[in-house]
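**Q** need a 3D model of the sequence below.
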Amino acid sequence: MTEIATFAAGCFWGVEQAFRDVDGVIKTEVGYTGGAKAGPSYEDVCGGTTGHAEAVRVTFDPSKISYDDLVALFWTIHDPTVLNRQGPDVGAQYRSVIFYHSEAQAKAAENARSEEDSRGHHPGPIVTIIEALKEWWPAEDYHQHYFEKRGGGVCAVSTKK
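**A** Below is the predicted model:
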């Protein structure tokens, strides 16, 4: 049995790579969610008018890795205190969001955000949004597993490791 988690944390290439390398993650897919336009393209989303975030859908085996562990990784791969920006990437499409698939995920994400914020590991308060996943639009094929296809590279997802 598998579960799905969806995260937005800046440029989806680097976010996907961070989750792909985790034991228990079966599949990753980059795409768009949280916006108003049906079937948006990369150009639409980068234009900043659709309201979508670049996001990563993570299919995982909960017997090997928990949802809580995936959320814990999420905090380490980007700066959750910056609204609509990660590194040099600016715009609402790069916002920090946990898109939940169930009420259990919503509660776990809310608890994790509160705990992470109280630890004081970040330069300011966490602004990560937690919202229900409504629509998922896979990104174009050339964006899937981008670094594997292009070789090397890292997006500016975080200065923390």
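
**Q** so after the lengthiest helix in the chain, what's the next helix or strand?
**A** Using DSSP state H to define each element, the chain has its longest helix at helix 103-119. Next helix or strand after helix 103-119 toward the C-terminus (DSSP states H and E): strand 129-132.

**Q** strands paired with that next one, and their directions?
**A** The sheet places strand 129-132 alongside strand 96-100 (parallel), with pairing taken from DSSP bridges.

**Q** checking my notes, R57 in a helix, right?
**A** No: applying DSSP: H, G, I helix; E, B strand; the rest coil, one finds R57 to be strand, outside a helix.

**Q** how close does it sit to G91?
**A** As judged by CB to CB, to the nearest Å, R57 and G91 stand 21 Å apart. All C-beta atoms are positioned from the backbone trio N, CA, C, and that covers glycine.

**Q** between these two, who's got more neighbours?
**A** Neighbour count, other CB atoms under 10 Å: between R57 and G91, R57 has more, with 22 against 15.

**Q** please give me every residue in contact with the more buried one.
**A** The contact partners of R57, taken as CB atoms under 8 Å, 6 or more residues apart in numbering, are I4, A5, T6, T28, E29, V30, G31, W136.
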